[in-house]
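Student: sequence first, predicted model second:
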Amino acid sequence: MVLEATSWQPLVGAFLAGLAIGSLILWLWSRVRIALLTERLDRAAERLAWLQTADEQLRSSFQALAGEALQQSSQHLMDRSREQLGMHLEPLEKALDTLGTQVREIEKERKGAYEGLKQEIHLLRDAHGALRTSAAGLERALKSSAQRGRWGEVQLRRVVEMAGLVEHVDFTEQPTVEGLRPDMVIHLPRGGVLPVDAKAPMNAYLEAAEATDAAARRSHLDAHLKALRQRTIELGQRRYWDQFDSAPDFVVMFVPNEASLGAAFERDPEFLDFAVRHRVLPATPVTLLALLKSVSYGWQQMRVADNARLIASSGRELHTRLIRFLEHLRRLGKSLDTASQTYNQAVGSLERRVLPAARRLEEAGAAVETSPELEPVRRGIRRPITAAEVDPEGKLDDA
């Protein structure tokens with residue numbers, strides 16, 4: 001056993017020696033490998049540092065070049081833009097100058113217009129004040145019975161003039177007949193007359209127009225209707241148709257305000273029947289104008305008929321005188337024909353019995369002058385044209 005242990009010791013020593021040598025060789029190889037790797041790493045670090053430095057330098061150069069190029073491009077662009085802007089701004093400046101001139105002129109005109117408008121406003125204000133004064137005066141006048149009656153008469157006169165009637169021919173103002181005095185009498189064709197009264201009550205209606213309360217307004221309108229009814233009864237009792245020979249059996253009550261009569265009809269729809277029963281015809285300016293237009297048309301037709309009758313009478317008289325003249329002319333023609341026949345017979349007798357002896361004396365030289373030649377008168381006196389010789393178109397018959 002001791003021998004066997006002694007034989008293995010060299011092997012173990014050789015193994016340990018080989019292991020030590022291999023470890024040393026491995027250590028040496030790793031140190032060489034580490035040195036090589038360290039050298040490569042250093043070279044890579046140097047290269048990386050160089051690349052970083054080159055990158056920074058390139059970046060700085062590129063930024064400098066880019067900034068310079070950008071500055072040059074910007075300057076060039078600004079120059080081009082300035083040139084183009086100047087080219088475009090020049091007509092714009094001219095247009096602005098023209099616009100400024102026009103604006104100044106417009107401003108001058110505006111100031112003048114404002115001055116004129118201010119004057120017009122002052123005139124309008126003055127006219128409005130005068131209108132208010134006139135309206136107040138008219139209101140006061142309409143509240144007076146006398147002034148309101150005069151206003152109604154003026155309105156009535158305007159209506160008849162608008163209808164084309166002529167004073168003292170087609171109408172008469174305020175005639176007095178047996179103590180009665182209508183405001184106007186309209187002359188109708190064939191001697192007829194139509195009395196018109198223009199004094200319609202309006203106090204209650206004006207008070208209703210000024211009323212602010214509905215109940216007060218209805219009360220005033222009822223009073224207005226009552227006043228119109230009373231006026232209708234008074235006009236019916238005057239019986240104007242009995243005072244004139246040819247008058248219709250009614251009288252016209254002229255109400256110069258359309259709304260006044262309309263309010264009465266609104267309060268009492270049967271007011272017209274009430275007025276007709278009393279032989280009174282209520283009329284506003286419009287309805288009276290229509291009535292008077294009918295009267296004017298009747299006058300025109302009567303004048304046309306009178307003129308037609310006058311023309312017919314003058315035509316008959318002219319025809320009678322023409323017949324008498326034609327008779328005288330016919331007798332004159334016969335006398336002229338007889339005279340020419342007698343003259344021709346005398347000339348013939350002279351030529352046959354007297355002139356031959358005179359010519360023989362002339363041939364013998366006993367005559368001092370030569371006898372003149374006598375021409376016979378042509379017969380056939382032109383007679384008047386009869387109606388049978390004229391065709392319907394006014395041309396003469398060749399036969």
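Tutor: Everything's here; your move. Numbers count the residues shown, from 1 in each chain.
Student: for residue 259, helix, strand, or coil?
Tutor: Per DSSP: H, G, I helix; E, B strand; the rest coil, the local secondary structure of residue 259 is helix.
Student: can you get me a residue count around it?
Tutor: Using other CB atoms under 10 Å, residue 259 has 12 neighbouring residues. Where you see a C-beta, it was placed from the backbone N, CA and C, and this is true even at glycine.
Student: same check, this time on residue 313
Tutor: Taking other CB under 10 Å as the neighbour definition, residue 313 ends up with a count of 10.
Student: SS state for it?
Tutor: When states are read from three-state DSSP, the local structure at residue 313 comes out as helix.
Student: show me how far whichever helix in the chain runs longest is from its chain's centre.
Tutor: Under DSSP state H, the helix in the chain containing the largest number of residues is helix 2-143. Relative to the chain's own centre, helix 2-143 is displaced by 67 Å; criterion: CA atoms, centre = their mean, to the nearest Å.
Student: which other helices and strands contact it?
Tutor: Helix 2-143 is packed against helix 145-162, helix 203-210, with contacts defined by 3 or more CB pairs under 8 Å, 6 or more residues apart in numbering; DSSP states H and E.
Student: tally of neighbours for residue 37?
Tutor: When neighbours are defined as other CB under 10 Å, residue 37 has 11 of them.
Student: could the helices and strands packed on helix 2-143 go into a markdown table alongside distance to residue 40, mean neighbour count and mean pLDDT?
Tutor: Rendered in a markdown table, the data for the helices and strands packed on helix 2-143 read as follows (distance: least, CB to CB, whole Å; neighbours: other CB atoms under 10 Å; pLDDT from 0 to 100):
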| stretch | distance to residue 40 | mean neighbour count | mean pLDDT |
| --- | --- | --- | --- |
| helix 145-162 | 130 | 16 | 72 |
| helix 203-210 | 122 | 18 | 79 |
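Student: how about residue 252, phi and psi?
Tutor: With angles defined as degrees, to the nearest 10, residue 252 shows backbone torsions of phi -90, psi 120.
Student: quick check, residue 227 in a strand?
Tutor: No - under the criterion used here (three-state DSSP), residue 227 is helix, not part of a strand.
Student: ok, it to residue 265 distance?
Tutor: For residue 227, the distance to residue 265 equals 14 Å [CB to CB, to the nearest Å].
Student: relative orientation of the helix or strand hosting residue 286 and helix 145-162 in degrees?
Tutor: Counting by DSSP states H and E, the secondary-structure element that holds residue 286 is helix 285-349. Using axes from the mean of the first three to the mean of the last three CA atoms, to 10 degrees, the direction of helix 285-349 lies 40 degrees away from that of helix 145-162.
Student: next structured bit after helix 285-349?
Tutor: Note on helix 285-349: by DSSP H and E, the next helix or strand toward the C-terminus is helix 355-364.
Student: CA atoms of that following helix as CSV?
Tutor: Extracted C-alpha coordinates of helix 355-364, given in CSV (Å, rounded to 0.1, in the frame of the first residue of the first chain):
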residue,chain,number,x,y,z
LEU,A,355,-126.2,141.8,-142.9
PRO,A,356,-126.3,140.7,-146.6
ALA,A,357,-127.3,144.3,-147.6
ALA,A,358,-124.6,145.8,-145.3
ARG,A,359,-122.0,143.5,-146.9
ARG,A,360,-123.0,144.6,-150.4
LEU,A,361,-122.6,148.3,-149.3
GLU,A,362,-119.1,147.4,-148.0
GLU,A,363,-118.2,145.7,-151.3
ALA,A,364,-119.4,148.8,-153.2
